[in-house]
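1. quick one: sequence plus predicted model below, questions after.
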Amino acid sequence: MKRLLYILLFILLCIKQQAQVVINGVEVININGGIAGTPSYLVLAHPPATPIKTIGTTGGIMMETEYSITKYQLGVLTTTVTVPYFSFNSGAGVQFPLAVTGISGAAVSTATASLQFSSTNAVSSGYATFGTGYDNLHYMPITVNNMNGYNPYPTFVTNNSLNAIDRFWVIDALGYSTSPAVTYNFGYITAEANVNGGNTVGLASNLQAQAFDQGALTWGNYGPAGVNTTGASEGNVSGVSIGAGLIGNVFRSWTLVNYLAVLPVDLISFSGTCLNNDANITWSTVVETNSNYFTLEKSADGQNFTWLANINAVGNSNHTQNYSYTDGSGIEGTAYYRLSETDRNGATKIYNIISVGSCNDGVKENINVFSSNGNVNLIVYSLSNQLVHVTIYDITGRLIYKDDLTVVQGNNSFIINPTVANGIYMVEVETNLTSLTKRVPLLE
């Protein structure tokens, strides 16, 4: 009896200090049923070097919704972790493990500080059959609100799902005052990058990792990054590094994209005003990824444009960058300006067209737009009684507000409440002589 008690005590100590889950052969752990507020969890407390071990190539953990989660209570441990993702989203079961290496620099605020992992795709989210699963807009994680991007010149797209794999990875850090720095190796299912009724042909060969910045509401603050190794059924994108303090807090949701047609949204304002007798054209970006140069074009009718100037871009930036160009060629009546940006890979995207009235007069019309308490504040200095055209779009390009406001000569101010969810919106304002396009946050 005493010997049996010692054996049981030894087993309990081993479970506490070296707990390991072994998945043998074709066995699958299926985590499902979780919803927002009450997720389903597999929790590994005090995990050893290999907390979950798979034997063979046909088993693993299925966690195919954002709220079906495997949680590793790592604390400040620096041991490599491999999350054995498994899915039937290819006709046959496929392993696509996520390796988390180079773990360092963590500071914890609770004894159960954890990294937790889940995923979501079209089929598991109940959106569609796998054959039409490429439209990622229908199953984005809760903190993602767009799939904006661009294809090579001249098309700008507000749903770039065709250039993204049919899956998101969701990675959170809980209980950390500073989450660890890590390097990811994303395994992926080759079939989820195939045409599937919409994906770009050959997408798998061009995949790299991109993260959504849930504070700036843009895909442009991280990636594309990593080294892609393709395979018949499963490939991987390795060497995707992220600094301390960024997991979950900033970069929570990930996907793999065509590095030739990525998902940045970077222009936040574009306007023109008169400066003495010249037109002063200004624009700002909130993020730049591999940008090369901007091209400014000019038109007398808003239809036929000619080249005006090329302006070098910063290249890569996570902060607001301000640009300007002074057009001293003279304006007879209203002139129109068009801005485009060319990346280092040769891809070009075209932005909005703005107008600037004649700069040969004295005082000029001007427009100011800013947000406060979820409202759009508009200030217009007008040279005449007129109608001012106001349109507001959400970040996907969907029109959510349009109106013609009556202004009188002099100063005019308006408060516009479009009654929309918190987020970033594009506001366009146009008078008879000038116009402004500006991205503003609407937060209550």
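-> That came through, no problem.
2. where does the stretch 251-400 of the chain have low pLDDT?
-> Along the stretch 251-400 of the chain, the parts satisfying pLDDT under 70 run over 264-266, 286-287, 318-319, 330-333, 347, 358, 360-363, 395-397.
3. strands of that one, start to end?
-> For the stretch 251-400 of the chain, applying DSSP state E, counting those that start in this stretch gives strands covering 251-258, 267-275, 278-285, 291-299, 306-312, 321-327, 335-343, 348-356, 366-372, 375-382, 386-393, 399-407.
4. could you report the neighbour count for residue 230?
-> Residue 230 has 15 neighbouring residues, counting by other Cβ atoms under 10 Å. In this view, the C-beta of every residue, glycine as well, is placed from N, C-alpha and C.
5. so is the nearest residue to it once chain neighbours are set aside in a helix, a strand, or just coil?
-> Excluding its sequence neighbours, the residue lying closest to residue 230 (Cβ to Cβ, 6 or more residues apart in numbering) is residue 204, at 5.4 Å. What DSSP: H, G, I helix; E, B strand; the rest coil gives for residue 204 is helix.
6. relative to residue 225, how far out is residue 204?
-> According to Cβ to Cβ, to the nearest Å, residue 204 and residue 225 sit 17 Å apart.
7. and those two? Which one has more around it.
-> Here residue 204 and residue 225 are compared on neighbour count by other Cβ under 10 Å; more neighbours surround residue 204, at 22 against 17.
8. what about the more buried one, distance to residue 165?
-> Taken as Cβ to Cβ, the span from residue 204 to residue 165 is 8 Å.
9. list residues touching both of these two?
-> 188, 193 (Cβ atoms under 8 Å, 6 or more residues apart in numbering).
10. residues in contact with the residue nearest to residue 85 when sequence neighbours are not counted?
-> What sits nearest to residue 85 in space, not counting adjacent residues and going by Cβ to Cβ, 6+ apart, is residue 96, at 5.0 Å. Residues in contact with residue 96 (Cβ under 8 Å, 6+ apart) are 85, 86, 87, 186, 187, 188, 189, 234, 236.
11. how about these in JSON lines, adding distance to residue 36, secondary structure and neighbour count?
-> Conversion of those to JSON lines gives the following (distance: Cβ to Cβ, whole Å; DSSP: H, G, I helix; E, B strand; the rest coil; neighbours: other Cβ atoms under 10 Å):
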{"residue": "85", "distance to residue 36": "21", "secondary structure": "strand", "neighbour count": "26"}
{"residue": "86", "distance to residue 36": "24", "secondary structure": "strand", "neighbour count": "24"}
{"residue": "87", "distance to residue 36": "22", "secondary structure": "strand", "neighbour count": "24"}
{"residue": "186", "distance to residue 36": "25", "secondary structure": "strand", "neighbour count": "25"}
{"residue": "187", "distance to residue 36": "27", "secondary structure": "strand", "neighbour count": "22"}
{"residue": "188", "distance to residue 36": "26", "secondary structure": "strand", "neighbour count": "27"}
{"residue": "189", "distance to residue 36": "26", "secondary structure": "strand", "neighbour count": "25"}
{"residue": "234", "distance to residue 36": "30", "secondary structure": "strand", "neighbour count": "19"}
{"residue": "236", "distance to residue 36": "30", "secondary structure": "strand", "neighbour count": "22"}
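12. as CSV, these with pLDDT and distance to residue 302 would be great.
-> Converted to CSV, the contacts of residue 96 look like this (pLDDT from 0 to 100; distance: Cβ to Cβ, whole Å):
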residue, pLDDT, distance to residue 302
85, 93, 51
86, 91, 55
87, 89, 50
186, 97, 45
187, 96, 50
188, 96, 45
189, 92, 47
234, 93, 51
236, 95, 48
